[in-house]
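Novice: fold the following for me, if possible:
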Amino acid sequence: MRTILRIFFRLLYHQFAFAYDLVAATVSFGHWKNWILEVIPFIEGNRTLEIGHGPGHLHRVLLSRGMVAVAMDESAPMSRLAKRNLAKRNYASSNNSLPDSLHQPGYAQANLTRGLAQHLPFRDESFDTVVATFPAEYITDPFTLFEVKRCLSDGGRFVVLPVAMPKNRLLSWLFKVTNQAPSDAIQVIQEKLEEPFIKSEFDVETHALDVKSGTLIVIVATKSR
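Specialist: Take a look at the predicted model:
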């Protein structure tokens, strides 16, 4: 099953990137775009890096708030999709002149680049916040966590939204027949997700956000000063 899921997500991020929004909306019962914006209150500072930008929806919102925002993805098809989506909203795409463009205050154009989370192409302490929403398993790779920590300023935050539990009748029925409470499942998920960040010596806080459409787990991993 794990192998099948890996193949599915690889196809979704590459050959079938054009269908990403539709698939995400379907599995989230139409709430996915709203869910990813729930990480914004956890972002601190003005210099942000998004890992795994996908179609570019969060990047667009961060730019609209005047942040010096950079977004990176490994997938070339996803990068092209994000560029098209941002161009429709009058955000011109940069020529990938990173990291020099990072140091231009008020830089309000799309800053998209390609790369691997395990080998971030940025200088030490380049960002105040690194953020990722619904990332694949690479996000807890020790090499990813090392690179994120290197690129964060002292006291900087790594904000990750790894999972959401939609509120619907099917899930309510499953919890009922298994004699479990949603809070029990959330606690197990929190403990499992925190472990790799703690091992990488981040100061970790996990938040369970109860929104109208579901419960979102947000990890805030802070680099010690």
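
Novice: all contacts plus neighbour counts: C-alpha atoms, from now on.
Specialist: Will do.

Novice: run a quick neighbour tally on Glu125.
Specialist: Counted by other CA atoms under 10 Å, the residues lying close to Glu125 total 14.

Novice: partner strands of the top strand by length along the chain and their direction?
Specialist: Taking DSSP state E as the criterion, the chain has its longest strand at strand 152-166. Applying DSSP bridges, strand 152-166 is found paired with strand 127-133 (parallel), strand 214-222 (antiparallel).

Novice: contacts for that strand?
Specialist: Applying CA atoms under 8 Å, 6 or more residues apart in numbering, the contact partners of strand 152-166 are 28-29, 36, 39, 42-44, 124-135, 148, 213-225.

Novice: quick one, which of the residues you listed are buried?
Specialist: Buried residues within these, counting neighbours by 16 or more other CA atoms under 10 Å: 28, 36, 39, 43-44, 126-135, 148, 213, 215-223.

Novice: now do the same contact list for Leu216.
Specialist: 35, 161, 163-165, 207-210.

Novice: still on that earlier bit, starting at the chain centroid, how far to the longest strand of the chain?
Specialist: Mean-position distance between strand 152-166 and its chain equals 7 Å (CA atoms, centre = their mean, to the nearest Å).

Novice: mean confidence for that strand?
Specialist: Across strand 152-166, pLDDT averages out at 92.

Novice: buried sites along that strand?
Specialist: Buried positions in strand 152-166, judged by neighbour count with 16+ other CA under 10 Å: 152-153, 155-166.

Novice: quick one: buried residues of stretch 41-51?
Specialist: For stretch 41-51, burial by neighbour count (16+ other CA under 10 Å) applies to 43-44, 46-51.

Novice: and the helices in this structure, which stretches?
Specialist: 2-13, 20-27, 32-36, 57-64, 76-88, 142-151, 169-177, 182-199 (DSSP state H).

Novice: residues touching the most centrally placed residue in the chain, list them.
Specialist: Nearest residue to the geometric centre of the chain (CA atoms, centre = their mean): Ala132, 1.7 Å. With contacts defined as CA under 8 Å, 6+ apart, Ala132 is in contact with 50-53, 159-162.

Novice: how close does it get to Arg80?
Specialist: Going from Ala132 to Arg80 by CA to CA, to the nearest Å gives 19 Å.

Novice: swap in Leu63?
Specialist: Counting by CA to CA, the separation of Leu63 from Arg80 is 18 Å.

Novice: pull the distance from stretch 33-49 to the chain's centre.
Specialist: Taking mean C-alpha positions (CA atoms, centre = their mean), stretch 33-49 and its chain are 9 Å apart.

Novice: pLDDT weak spots in this structure?
Specialist: Counting by pLDDT under 70, the chain has low-confidence residues at 1-13, 15-18, 23-25, 27-29, 89-110, 168-188.

Novice: swap the cut-off to 90 and go again
Specialist: Applying pLDDT under 90 to the chain picks out residues 1-34, 64-68, 75-81, 83-111, 136-137, 163-193, 208-217, 224-225.
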